Structures are given as C-alpha cells and as structure tokens.
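Chemist: All I have is the shape, not the residue letters:
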RNA sequence: GGAGAGGUGGCCGAGUGGUCGAAGGCGACCGCUUGCUAAGCGGUUGUACGGGUAACACCGUACCGUGGGUUCAAAUCCCACCCUCUCCGCCA
C-alpha cells in the first residue's frame, strides 16, 4: 500500500464520522444534522460553549504559567548566585496561587467538555439509509410437506439443550447445550474459526471475557452500561461481545500503515443482561444472557474502510453459504445502529420454524470512533499520525445459527440433517436424532 | 494474599529540587563523504492542547506509570493507586 497523505481539509474527511472536537466547532451545522439522524439529544451548542470557555481559559492559564515559570527561573538564578531571593519568592507566591486557581477552573471545564464528548454517539455514514433496507438475499427458504417444529421443540425432542437445568442452575434465559447439541455448537465454532483463520487470513485471539470499564467505554459499550454484567467486588465487566476485547488489542499503541489491514478473530462467550427486553421473544435460544460468538475485527486505513467492511460482510456471509442457510443482508438506519457504529449491515438468517428472520451478524464500521477512545493510532508511510478505522462483525453468533440449522434442516421423521460442511466437525454424523 | 525491587523519549539507559523535553548510546531519516570492507563525518529525530498560518514556519503550555500533595520552582521530596519483575503462600 502506497503512502497516502491525508488532507483533512477535504470535505471527504470532514463529513466522515469522527468526533474530533475541532470538527464540531468548524462544522457545527453538519454535526447537528448528523446527530439528528441518530436522534441524539445532546446539544451541540452546549459543546461549543464549553469548548470556547475551555480554550479561553487555557490561553489565560498558559500565559500565567509562562510568567510563573520565568519568575521561578529568576529565583533559581538568584539562588545560584547566592543572592537574596526572599522578595521575589514572596511576589511569585501570589502568581503561583493565581495559576493554581485557574488550573482548577480549567480542569473542571475540561472534565465537562470530555464528558459531553464521550456521550456523543458516532456520526452516521452518508450511506446509512433512513429506514432499514434489505439490500440482498441469498438462498431459498426450505419447503416442508409437514408442519415444521420450532427449535425449542426440536431441542427437547432430541435432547440438544437442557433449558430446565439452565434455568434452575443459572436462571431464566440461560442455555445449556447437551450431547449432540454441545457437539453442534463446538462444530460451528471450529468451522468458523477454521474458515476465518485459514481462508480469510484472520489472526485468532482468545481474550479475557472480563474487561475494565475503560476498555468497555472505549468500545462504546458503557453507553449501555445497564446491559452489562458488573462484578460485585472488582471494577470489571463481562464483555457483551468479543468486539470489546479485539478493538482494544492496540490500545495506546501506534500501528503501522504497512501492517494494514490487521485482522483478528476471537471466539468467546458474550454476556448481556438484556434489561428491558422482558416480554419480547423469550423462547429457547433466541435471546439469552450468555451466548457464543465468533467475532471479526479489522483495523483499516481510513480511506480503505469500505474494502474492509465488504470483506467482513462477505466473510460472515460465507458461513451461511457453507451451511446453506438462506439469509438477507440489511443496511441499518442510524437509529438502529449501535452507539459506536457509523454504518451497520445486519445479516438475518431464515428460521423455518419461527418463520422469521433472525439476526446472526452485525457488521459495523466504527470509523475512528473507537480508535480515538482507546488511543490506537496509525503511523502512515509518510510519517504522519492519524487514527485508523476499526471495523467489526460477527462471524457469526451461534444460538440463532443453531436455531436456523435445527429448524431448516428438520426432517419428516423428526431428525435433523447435518449440513455437509459441518459433518467433518461432527464425527461424520449425517443426522442428529436418527 | 505477604515481602522486596522497579516503572524516564521508538528502544537501551543517565539524571544533583532550579540552567531538563530531559545526558549518552542504539535505531531511523536527511545531507556529505567514499578505493577498501553492510565504513566515516555532520545534521535531524516525540505527543497533546491552545495560539498562529492559505498551508508551512513559528510561539505558549503540558507530558519522565496514574492521581493528589509540599514548594516561588518537582523526573527529582511526600501520600495513594496501577502495572511489571523476584521470592513466599494459594491454586486449575
């Protein structure tokens, strides 16, 4: 990849989703418009006001401090020459006190400024549609000459999951995979990891599933703090997705242009409290507090994010194609996209029993939003330093994939045909429950 | 969890409360040189915020693990915390 100097004066970059304070004060109207697309209630005017105050204060403080420094140096000189400095010291004391006072005021205003900025969601990409839009479909829905069962029924019939045990052991909305169910999960994990590491060139990572608040915040997930599990005795959170772990892989580091794109994949359990979702679809594996997922993350050059995005999307689609599951790709509206995302496409798989599309993957460009937050920077070949784009996508989430497999591959005799691609990972089994 | 040692610029590594953004070395970059050897010589070499500029230049401030404190002045003193290493304990 050649050296690509970034001209920050071009509209391309200014329109780009980044919450650089400078962009806010240079293009307040643009930012207002973009935030409105997300229905974000945060006031740009307040940010601008605080920013102005902050800059004014800093100028004052810097001047004062400059004077103080010079006065102190003068005292040092006197002392070295063994001259009396008590008068100068007394005078400088006042200056010092004033400087400190301004320091205090400035840090207050800076804290407020940062607080406001941290609350801002990422700005939507111009390509994000106003309404969720299906942009393509793949495969065809299976047809049955019998009434297809839903996955809960199938799981119970074939002993693939033990929901009763999971509920009494951990609580409602947990799942325990048993027997061939557990094997099926493991097979899917291996299929996905093998595919992404061997065919798609991702480096596998097995990260901690506990993260500091700082890390979760960098990912943008503290904005939905109420949806994360917190530990009682340590300032740690159970990650809601391995995106949290992977996007922080280079926190406070410089990455090099020549190493791009950096591609990582991780398989982890993911934990979500799902607060506020009671009463919605609660059956079986559809929405559970702990679920397993293989995640894909790429660090990309800001000018090449779309290539990375499309690649992750096709990497995730490949899983469904291998499993021959019908799916559709949907471009999300800015109001549907996650806090940290500027552009998001979902992949929904068809589930014949539920007769519904289930979201199994969500691919997002977070632009430089997360990189700014965790201080991952990109050193270009020309020596300049910018923020990389960070993109992520599930590749894929398993409970819903399992739902789709069980429901779409069910046979008249109640057994489940194992998709061809999965057989090498399932002891060659052709059917479950036969 | 207990005891001890330590955290300085891309890396290694000095550092006396004042002349330290920080010696020295390495690396990198630029230039020069070049009949000797992947050699020699000179120079350059951080980031953030603010000001300034058409853009550079330039100016100010901050940054020596993090946050406080003492002081006219802190990398240097004090306190708390974090992290790393060694030893002990515990343990898959």
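Modeler: Yes, it's here. Keep in mind the model is a prediction, meaning the values are calculated, not measured.
Chemist: just the helices in chain A please.
Modeler: Secondary structure of chain A by DSSP state H: the helices cover A:11-14, A:21-26, A:28-37, A:44-80, A:86-119, A:151-158, A:163-169, A:180-194, A:213-219, A:243-247, A:305-322, A:369-374, A:398-408.
Chemist: So which of the ones you listed is the most surrounded?
Modeler: helix A:243-247 (a mean of 28; mean count of other CB atoms under 10 Å). From N, CA and C alone the C-beta is placed, and that goes for glycine too.
Chemist: beta partners for the residue in the stretch 301-434 of chain A positioned nearest to RNA strand B?
Modeler: As assessed by CB to the nearest atom of the strand, RNA strand B sits closest to residue A:385 within the stretch 301-434 of chain A, at 5.0 Å. For residue A:385, the beta-bridge partners are residue A:379 (DSSP bridges).
Chemist: is it true that it touches residue A:379?
Modeler: Yes. Using CB atoms under 8 Å, residue A:385 is in contact with residue A:379, at 5.7 Å.
Chemist: Give me the more crowded residue out of these two.
Modeler: Neighbour totals were compared for residue A:385 and residue A:379, and residue A:379 leads with 16 against 9 (other CB atoms under 10 Å).
Chemist: How confident was the prediction at the closest residue to residue A:228 other than its chain neighbours?
Modeler: Leaving aside its sequence neighbours, residue A:228 sits nearest to residue A:237 (CB to CB, 6 or more residues apart in numbering; 4.7 Å). We have a pLDDT of 89 for residue A:237.
Chemist: is the nearest residue to residue A:357 once chain neighbours are set aside in a bridge, and if so with what?
Modeler: Sequence neighbours aside, residue A:348 is the residue nearest to residue A:357 in space, at 3.7 Å (criterion: CB to CB, 6+ apart). In this structure, residue A:348 has the following beta-bridge partners (DSSP bridges): residue A:328, residue A:359.
Chemist: So what's the residue count around residue A:348?
Modeler: For residue A:348, using other CB under 10 Å, the count is 21.
Chemist: where's it relative to residue A:356, distance?
Modeler: As for residue A:348, its distance to residue A:356 is 9 Å (criterion: CB to CB, to the nearest Å).
Chemist: Could you list the residues of the stretch 251-400 of chain A in contact with RNA strand B?
Modeler: Taking CB under 7 Å from any atom of the strand as the contact definition, the stretch 251-400 of chain A meets RNA strand B at residue A:385.
Chemist: could you pull out the strands for the stretch 251-400 of chain A?
Modeler: Using DSSP state E, counting those that start in this stretch, the strands assigned to the stretch 251-400 of chain A run over residues A:254-256, A:262-271, A:290-300, A:327-331, A:343-351, A:356-365, A:377-379, A:385-386, A:389-397.
Chemist: quick one on the thing from earlier: between residue A:385 and residue A:379, which contacts overlap?
Modeler: Each of residue A:254 lies in contact with both residue A:385 and residue A:379 under the rule CB atoms under 8 Å, 6 or more residues apart in numbering.
Chemist: sorry, back to before: beta partners for the residue nearest to residue A:228?
Modeler: Listed beta-bridge partners, residue A:237: residue A:211, residue A:230 (assigned using DSSP bridges).
Chemist: I figured it hits residue A:213, correct?
Modeler: Yes. Using CB under 8 Å, residue A:237 is in contact with residue A:213, at 6.5 Å.
Chemist: Now do the same for the single nearest residue of the stretch 151-300 of chain A relative to RNA strand B: its pLDDT.
Modeler: In the stretch 151-300 of chain A, the residue that lies nearest RNA strand B is residue A:254 (7.1 Å; CB to the nearest atom of the strand). Residue A:254 carries a pLDDT value of 86.
Chemist: Equivalent analysis for residue A:184, please.
Modeler: 97.
Chemist: Now do the contacts for the spatially closest residue to it that is not a sequence neighbour.
Modeler: Among residues not flanking residue A:184 along the chain, residue A:402 sits closest, at 6.2 Å (CB to CB, 6+ apart). Residue A:402 sits next to A:151, A:181, A:184-185, A:188, A:285 when contact means CB under 8 Å, 6+ apart.
Chemist: Against residue A:130, how distant is residue A:362?
Modeler: With distances taken as CB to CB, residue A:362 is found 19 Å from residue A:130.
Chemist: what pLDDT does residue A:113 get?
Modeler: 88.
Chemist: Assess the claim that it and residue A:50 are in contact.
Modeler: Yes. Counting by CB under 8 Å, residue A:113 touches residue A:50, with 4.9 Å between them.
Chemist: What is the neighbour count of the residue nearest to residue A:119 when sequence neighbours are not counted?
Modeler: The shortest distance from residue A:119 to any non-neighbouring residue, by CB to CB, 6+ apart, is to residue A:42 (5.8 Å). Using other CB under 10 Å, residue A:42 has 14 neighbouring residues.
Chemist: ok, now residue A:179?
Modeler: Neighbour tally, residue A:179, other CB under 10 Å: 14.
Chemist: Surely it and residue A:160 touch.
Modeler: Yes. Taking CB under 8 Å as the definition, residue A:179 is a contact partner of residue A:160 at 6.6 Å.
Chemist: Among the contacts of residue A:402, which one sits closest to residue A:424?
Modeler: Closest approach between the contacts of residue A:402 and residue A:424, by CB to CB: residue A:188, at 12.3 Å.
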